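Enquirer: Got a predicted structure here, sequence first:
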Number of protein chains: 2
Amino acid sequence: MGKKEPDINAMLACPRPFEPSSHITMAHGGGGLVMHRLIEDVFMKAFDNPLLGQRHDAASLSIKGVHLAFTTDSYVVQPLIFPGGDIGSLAVHGTVNDLAMAGARPLYLSAGFILEEGLSLDLLRKIVNSMRCAADASKVALVTGDTKVVNHRNGDGLFINTAGIGVIEHDRVIGPGSVCPGDAILINGDLGRHGIAIMAVREGLEFETTIESDSAPVAAAVLDLLGQGIDVHCLRDLTRGGLASTINEIAESSGCGALIRESAVPVRDDVAGACEVLGFDPLYVANEGRFMAYVAEQDANRAMEILSRHATDTQPALIGHVTDTASKRVILESRIGAMRILDMLSGEQLPRIC
Amino acid sequence: MGKKEPDINAMLACPRPFEPSSHITMAHGGGGLVMHRLIEDVFMKAFDNPLLGQRHDAASLSIKGVHLAFTTDSYVVQPLIFPGGDIGSLAVHGTVNDLAMAGARPLYLSAGFILEEGLSLDLLRKIVNSMRCAADASKVALVTGDTKVVNHRNGDGLFINTAGIGVIEHDRVIGPGSVCPGDAILINGDLGRHGIAIMAVREGLEFETTIESDSAPVAAAVLDLLGQGIDVHCLRDLTRGGLASTINEIAESSGCGALIRESAVPVRDDVAGACEVLGFDPLYVANEGRFMAYVAEQDANRAMEILSRHATDTQPALIGHVTDTASKRVILESRIGAMRILDMLSGEQLPRIC
């Protein structure tokens, strides 16, 4: 394994003296506490309304009696192409998955492209074609779009925003408010691959095998859970901030704590090794094809069977359950049986991974 | 009137040797021919589907029998705050207006923020509050959002993407396909203010009075036209590329030419003066609160009355009509009665104005 020297000149040219209390810092985009405070203090305060107040990956709307989900994400990942995907496929999977987390069937996407002057048209074509393939595989149509160009050095090659509309075809209320003590907590596969795949390229790390991103659409698995009548209480994808941050967000919103068994959380050996080298905890690393499902205890085994049928190169896992405490604490039972509090990501771990 | 010296150092640092056949150039975002070729060659080719093929500001969708419009735009305007508005209010008006151009009642917006490391939090708060005010005035709710942070010098302070959903409550087919020879072509007010307001700040120009952007929501006017039974055939807002590019787009899509009387097109004296100084033609300058309505000839006067009621600091105008030619040519009758072809904007005029 090798590691490139950091670019000292680039570091010196950009001293980053920004103070997070008055200016935006990279941590404001990292998926942890600093980002959550920004969202609450600036955005939630200004746009306060019940739909936004759902604090879900997608808003649930009703228009003339039809129940819809609506969501958006911007994608700023670097590099634009990485092992297992690119910014185009990511921009489709991420938004489709946010719709799925509301229990919706994804239908339509919009795409807004911010192109930096100087971007290669061949690279753009490659990424746009990858988006098309990802949309086809996710059974969504890209129906409206926009293109803007910014001056050289006022962008970073390409940023993509996608917004998505899905239809909700069931009456379940899926969200933290439906979480109950005793609920089984399932994940649909191994953790940490997306963040590590990006980081390995960015830092010039070389492993024996290339770690590929787990970026993939998960709507089919979610719709199957719902279609088979699984009593699904909450769904959340494990992107920025990883499992640890997501599970803490749900604990905070639901008012219920959780107990997670570390030994039950699948992490591939190569990913675990890379995490050790880089000093990361896989529980905080971002994924782009992984989600948590909180389901009624009695449906846990059946839900595992359904998730297994949708897993290709990985297996789902029952990693813990919701506890009956008022503390909203998430407790991790380590491999040797020790208990510790699993906190939300507190600063910046891996910026610009999505 | 004064003009700041151009920043030669900045120009030298960025030689921009980009070739538009292989790389993105500013002209690809200018709203003219180069942008249209990019959209056709790269995006339309990849995402080919009937809904995108509508080539409208917003896609018209039907979900379980409910007729919806869906649209998106990214906003990269510089400076972030300008006379008469800011990137936040612009991001609301622009998307609300795109929904209105499909004859839809705007209902819900998403917002994706791409923040550059170092952006002042006070400035962000100001812009976000302006968005909230614009959303309230436009009767839409911002219901879902996303925040990303990019490194210092990989962004330009703030980019905002908004996507919008509206409901279509009538059975009219509004679009170039409905345009007929004889249709009256109306605009809802004077032209050129947004582009000139931005350009004046950017170039450090000072006029006797400050020219303020016309940025405003137009959905109420459109819904009133439809509600009063005006036979509306096509609607289009006059943003990038201005009136000239928009009317050519519609001529191209509808297969019908148009005749425009220059003397009927309202341009304020201060805007006309600034255009002369800057070497711009107001027919190509962007607006953010102006639209064209193609209506059946017999409804023209009634439509003018309705548009007058919604005009605050300007008056609507009947500027010409659709001609019965197969040439798709747009002809401008000048103030002295000479006829000339009015072409689409061919390159870059005012980049990053929206």
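Expert: Alright, I've got the coordinates. Residues are numbered from 1 along each chain as shown, chains lettered A, B, ... in the order given.
Enquirer: Output the contacting helices and strands for the one helix or strand A:N301 maps to.
Expert: Assignment of secondary structure by DSSP states H and E places A:N301 within helix A:300-310. Applying 3 or more Cβ pairs under 8 Å, 6 or more residues apart in numbering or on different chains; DSSP states H and E, we find helix A:300-310 packed against strand A:184-187, helix A:219-227, strand A:291-295. Placement of C-beta: from N, CA and C, glycine included.
Enquirer: Quick one: closest of those to chain B.
Expert: helix A:219-227 (16.0 Å; Cβ to the nearest Cβ).
Enquirer: CA atoms only: put that closest one into CSV for me.
Expert: Provided in CSV are the C-alpha atoms of helix A:219-227 (Å, rounded to 0.1, in the frame of the first residue of the first chain):
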residue,chain,number,x,y,z
ALA,A,219,-36.0,1.3,-3.9
ALA,A,220,-36.8,-2.2,-5.1
ALA,A,221,-35.8,-3.7,-1.8
VAL,A,222,-37.9,-1.2,0.2
LEU,A,223,-40.9,-1.6,-2.1
ASP,A,224,-40.6,-5.4,-1.6
LEU,A,225,-40.6,-5.0,2.2
LEU,A,226,-43.7,-2.9,2.0
GLY,A,227,-45.4,-5.0,-0.6
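Enquirer: Pull the residues that contact that helix.
Expert: A:96-97, A:99-101, A:103, A:105-106, A:138-139, A:170, A:172, A:188, A:232, A:235, A:291, A:293, A:295, A:303, A:306-307, A:309-310 (Cβ atoms under 8 Å, 6 or more residues apart in numbering or on different chains).
Enquirer: Model confidence score at A:K4, please.
Expert: Looking at A:K4, its pLDDT reads 44.
Enquirer: ah, wrong one, I meant A:A272
Expert: A:A272 carries a pLDDT value of 95.
Enquirer: repeat for the one 10 residues further on
Expert: pLDDT recorded at A:P282 is 95.
Enquirer: I'd say it and A:D269 touch.
Expert: No. Counting by Cβ atoms under 8 Å, A:D269 is not a contact partner of A:P282; they are 11.2 Å apart.
Enquirer: For the two, work out which one has more neighbours and name it.
Expert: A:P282 (24 against 7; other Cβ atoms under 10 Å in any protein chain shown).
Enquirer: quick one, what contacts that one?
Expert: Neighbour list for A:P282: A:191-192, A:242, A:265, A:267, A:271-272, A:275 [criterion: Cβ under 8 Å, 6+ apart].
Enquirer: Quick check: closest non-adjacent residue to it.
Expert: Nearest in space to A:P282, with sequence neighbours left out and distances taken as Cβ to Cβ, 6 or more residues apart in numbering or on different chains, is A:G192 at 3.8 Å.
Enquirer: Run a quick neighbour tally on A:L350.
Expert: 23.
Enquirer: Over to A:V150?
Expert: A:V150 is flanked by 24 other residues according to other Cβ under 10 Å.
Enquirer: For A:D136, which three-state class applies?
Expert: helix (DSSP: H, G, I helix; E, B strand; the rest coil).
Enquirer: wait, doesn't the residue nearest to A:P282 sit right on A:P266?
Expert: No. Counting by Cβ under 8 Å, A:G192 sits too far from A:P266 to count as a contact (9.6 Å).
Enquirer: The two - which one has more neighbours?
Expert: For A:G192 versus A:P266, the count of surrounding residues by other Cβ under 10 Å is larger for A:G192: 31 against 18.
Enquirer: Enumerate every residue touching that one.
Expert: A:242, A:267-268, A:271-272, A:275, A:280, A:282, A:285, A:287.
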